[in-house]
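Colleague: Any chance you can model this:
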Amino acid sequence: QVQLVESGGGLVQAGGSLRLSCVASRRTFSSYTMAWFRQAPEKERGFVAVINWNDGRTYYADSVKGRFTISRDNAKNTVYLQMNSLKPEDTAVYYCAATNRGISTGTGGYDYWGQGTQVTVSS
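Modeller: Okay, the predicted model is just below:
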């Protein structure tokens, strides 16, 4: 079992930046592929970014490419999402997710989820 706890959300003006953090409980964190998803009101949860466990490969949704950066610190059991040049359409609840089944951009590929952190971008 892996418990994930996100933090770092908040209210920011368009063009601003936020850094989300997700701390995992499990000591084998380094063997899990980690991802961020987001869900806006009345919309389905969608993929944002993923970082592979063994080689650090990263993939991003087209809507955030060039603005968001996912990274991980295995010594701290933490994955980050640096969000720059934020837009109002980035407003959503952001979720951290973990899997040991390999890299995936779909919600079904992940077994463990955090409780989410709200990001609100004002225009």
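Colleague: And the strands in this protein?
Modeller: Along the chain, counting by DSSP state E, strands occupy 4-7, 10-13, 18-24, 33-39, 46-51, 58-60, 68-73, 78-83, 92-99, 112-113, 117-122.
Colleague: Apart from its neighbours in sequence, what residue is nearest the residue most central in space within the chain?
Modeller: Note on the chain: the residue nearest the mean C-alpha position is Trp36, at 2.3 Å, using Cα atoms, centre = their mean. In this structure, Trp36 finds its nearest non-sequential neighbour in Val48, 4.3 Å apart by Cβ to Cβ, 6 or more residues apart in numbering. Where you see a C-beta, it was placed from the backbone N, CA and C, and this is true even at glycine.
Colleague: quick one: that neighbour from Ala75, how far?
Modeller: Distance, Val48 to Ala75, using Cβ to Cβ, to the nearest Å: 24 Å.
Colleague: Have a look at those two and say which one is more surrounded.
Modeller: Per other Cβ atoms under 10 Å, whichever of Val48 and Ala75 has more neighbours is Val48, with 25 against 8.
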